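Enquirer: Whatever this is, show me its structure:
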Amino acid sequence: MAIYAIGDVQGCYAPLQQLLARLNFDAARDRLWFTGDLVNRGPQSLEVLRFVKGLGDRAVCVLGNHDLHLLAVAAGTAKTKKRDTLDEILRAPDRDELLYWLRSRPLLHHDADLGYTLIHAGLLPPWDLAQAQGLARETETVLRSDRHPEFFRHMYGDLPDHWNENLHGFDRLRVIVNAFTRLRYCDLDGNLDLRPKGPPGSQPPDLVPWFQVPGRRSHGLKIIFGHWSALGLWQGDGVIGLDSGCLWGRALSAARLDAGPVELFSVDCEPYQSPHTA
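Expert: Take a look at the predicted model:
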């Protein structure tokens, strides 16, 4: 059995199938981990969603910001954006089944045997694994409950920009979701700054990538994440970043996790959108 983690697909179904062919993926034997953002901006979000759901327990997928945006639009609490490609899902006859499945995905997956932790974007520096797992479960409970439309009404926004255990209500949930699904940079005190999206070196001088904040409590974990296409493939600092910008015409990438040193794989992608106008 092989276990592969795959970066952000974002509706790019054809490259996903090409990557799986390159991996000689055997659905009866192998397992796939997806870093989230299965949908949106690419041309075949419905096909991707149906495919990954159809893998059953052979696939693990954490929620990304585009997945949450789809769920908010479907709940009637957010509007589609100019570059969204969600209409086919929203009109699909199996829409409700697909959305329920997506809303039931976790924010964090940890495999103690493999020693890897899967998230979409990042972990705040004050969080160790146990705290991150607890906060993920706390938020997942709301997402999977009848309160999810109310949560989606309060999900958008960049504040609060720091973690405080005394936060409560939707402010608390917003910080948790922003960390798991939107984080790229923090200051040296561990405060979020969600505005810069470029690669390391392009950010303001008081910010560093979240995984390079000195003293972060998740140091020592082996973390797999996506979300940051401008970062590209990244292996270092105890993390592996797998969003290599398939949507923008770069590559869709995977990492094999079960066979000693990590082996990386990529397939080239057609450009579906321009990063300069996204």
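Enquirer: SS state for residue 255?
Expert: strand (DSSP: H, G, I helix; E, B strand; the rest coil).
Enquirer: That one: neighbour count?
Expert: By the criterion of other C-beta atoms under 10 Å, residue 255 has 22 neighbours. Yep, even glycine has a C-beta here, placed from its N, CA and C like the rest.
Enquirer: now do residue 270
Expert: Neighbours of residue 270 (other C-beta under 10 Å): 12.
Enquirer: separation between the closest residue to it other than its chain neighbours and residue 228?
Expert: Excluding its sequence neighbours, the residue lying closest to residue 270 (C-beta to C-beta, 6 or more residues apart in numbering) is residue 249, at 6.0 Å. Per C-beta to C-beta, to the nearest Å, residue 249 is found 17 Å from residue 228.
Enquirer: tell me the pLDDT at the most centrally placed residue in the chain?
Expert: Nearest to the mean C-alpha position of the chain, by C-alpha atoms, centre = their mean, lies residue 120 at 2.5 Å. Residue 120 is assigned a pLDDT of 98 by the prediction.
Enquirer: got a list of what it touches?
Expert: The contact partners of residue 120, taken as C-beta atoms under 8 Å, 6 or more residues apart in numbering, are 35-37, 62-65, 107, 180-181, 225-227.
Enquirer: Could you list the low-pLDDT ranges of the protein?
Expert: 274-278 (pLDDT under 70).
Enquirer: quick one, helices of it?
Expert: Applying DSSP state H to the chain gives helices spanning 13-22, 45-54, 65-74, 87-91, 95-103, 129-143, 148-153, 169-182.
Enquirer: right, so of those helices, which gets closest to residue 215?
Expert: Closest to residue 215 of the helices of the chain is helix 129-143 (C-beta to C-beta; 14.8 Å).
Enquirer: Outside of the closest one itself, list whatever touches it.
Expert: With C-beta under 8 Å, 6+ apart as the test, helix 129-143 has contacts from 63, 71, 103, 106-108, 110, 117, 123, 127, 148, 151, 173, 176-177, 180, 217-218, 221.
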